[in-house]
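Novice: Return a 3D structure for these sequence lines:
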Amino acid sequence: MGKRDTYTKQYIARPLIFADAFNYLLYNGRQVIKPDTLKPVDTTEVIIPYGNNAEVPVQKYRDNMKIWAAMQDGKAVYVLLGSENQSSIHYAMPVKDMLYDSINYAAQVDSARQSYKSFKFDEDGVRISLTRSEFLSGFRKGDKLMPVITAVIYFGAEEWDAPMSIHEMLDVDEELLPFIPNYRINLIAPANIPDSDFSTKDSTGRFHTGFGTLMQVIKHQNEIEVADILSNAPKIDEASADMIAEVANIKFEKSVDEKGEVDMCKGMEAYTLKTEIIGAIGILRDLNMSEEDIIERVAKKFNVTVEYIKELMTLKIV
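Specialist: Sure thing, here's the model as predicted:
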């Protein structure tokens, strides 16, 4: 796993970020999924491969997986939410996601089968008896599966030009398509997100964490307005600020307030100021000026304290 993949996996695993991404995907930004209703689950998937090595199980790992305890009509309904984080485009993503989801469903059926091997009782304390078909299936007629929803989160600026479904990967007579089960991926890609969905200091978009700002920066990272975007962005969580620095390779001065938030506008201004100061010090050193004269002149030019200039020099930044 590459460095960026590790960062994105750890980032999306945060309940606030995970909930924000899925609320955008499923509910158009409405805050339906609450972070405290998400619980992490084991991301290991076990596949029994075909062929000569069928006796050797192969482990696959989802990037992130959480169980969401939703309330519907006063009853708890559980949904499995998974994410696959992509730093590059994957041209077989529908197959990959379909495989993971199918394994999740198969595991649920197997769990039911295992539970019926032992004595099991219903809510009234009556022992559950299985019909012959239920016994062979390992699944009762009234049993239900837990839904599995996987989001593909793409951390690239390019348009996602890979297939969105199994049908798009086939070269077959259209008359046959109705008989071939399809599978579509659920994609969150920066290039596909309208700018109106992003929040600014003056308006609220469809994202409620710095995940939205991160997606916006990635979308425009090859354009000159990224600095303007950050200057107009609301305060964001520290984790998102770190991701912007890592994924988009944008440097800024990070100052975290008491709420754990970062003002990207001030951070960009501070970084720009530091860059200009470093440049000025370098020019004056080339002129063989004394350190004392350089400190005094630069502090006056940029209206900063002498102590700040000395600190830069002590840290050997310049």
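Novice: contacts, neighbours, all on C-alpha from now
Specialist: OK.
Novice: so where's the stretch 101-250 of the chain uncertain?
Specialist: Under the criterion pLDDT under 70, the flagged ranges of the stretch 101-250 of the chain are 118-123, 125-126, 222-224.
Novice: what do you get if the cut-off is 90, keeping everything else the same?
Specialist: Applying pLDDT under 90 to the stretch 101-250 of the chain flags residues 103-104, 106-132, 134-143, 199-204, 220-235, 244-250.
Novice: Could you pull out the helices in it for me?
Specialist: Assigned by DSSP state H, counting those that start in this stretch, the stretch 101-250 of the chain shows helices spanning 132-137, 210-219, 226-231, 238-247.
Novice: and the first one, what does it pack onto?
Specialist: Contacts of helix 132-137 with other secondary structure elements, assessed using 3 or more Cα pairs under 8 Å, 6 or more residues apart in numbering; DSSP states H and E, are absent: no helix or strand is involved.
Novice: oh, and call the first residue 51 from now on, that's how I've got it
Specialist: Yep, numbering from 51; the last one is helix 182-187 now.
Novice: sorry, back to before: what's the most buried one of the helices of the stretch 151-300 of the chain?
Specialist: Ranked by mean neighbour count, the helices of the stretch 151-300 of the chain are led by helix 260-269 with a mean of 25 (mean count of other Cα atoms under 10 Å).
Novice: how is this structure carved up into domains?
Specialist: 53-242, 322-364 (automatic domain parsing).
Novice: Turn those into a markdown table, columns for distance to residue 290.
Specialist: Formatted as a markdown table, these follow (distance: least, Cα to Cα, whole Å):
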| stretch | distance to residue 290 |
| --- | --- |
| domain 53-242 | 8 |
| domain 322-364 | 20 |
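Novice: still on that earlier bit, make JSON lines out of the helices of the stretch 151-300 of the chain and add distance to residue 74.
Specialist: Output for the helices of the stretch 151-300 of the chain, formatted as JSON lines (distance: least, Cα to Cα, whole Å):
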{"stretch": "helix 182-187", "distance to residue 74": "37"}
{"stretch": "helix 260-269", "distance to residue 74": "9"}
{"stretch": "helix 276-281", "distance to residue 74": "20"}
{"stretch": "helix 288-297", "distance to residue 74": "16"}
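Novice: Select, out of the ones you listed, the one closest to residue 117.
Specialist: Of all the helices of the stretch 151-300 of the chain, the one in closest proximity to residue 117, counting by Cα to Cα, is helix 260-269 (20.5 Å).
Novice: Name the residues that touch that closest one?
Specialist: Contact with helix 260-269 is made by 67, 70-71, 205-208, 239-241, 245, 248-249, 276, 279-280, 283, 285-287, 290-291, 293-294, 297-298, as judged by Cα atoms under 8 Å, 6 or more residues apart in numbering.
Novice: for the chain, which strand is longest?
Specialist: Assignment by DSSP state E gives strand 125-136 as the longest strand of the chain.
Novice: what's near enough to touch the residue positioned nearest the centre of the chain?
Specialist: Nearest to the geometric centre of the chain sits residue 62, at 3.6 Å (Cα atoms, centre = their mean). Residue 62 sits next to 68, 114 when contact means Cα under 8 Å, 6+ apart.
Novice: try it again with 10 Å
Specialist: Residue 62 is in contact with 68-71, 113-115, 133-135, 203, 261, 289-290, counting by Cα atoms under 10 Å, 6 or more residues apart in numbering.
Novice: now swap in residue 63 and tell me
Specialist: 57, 69, 90, 113, 114, 115, 116, 133.
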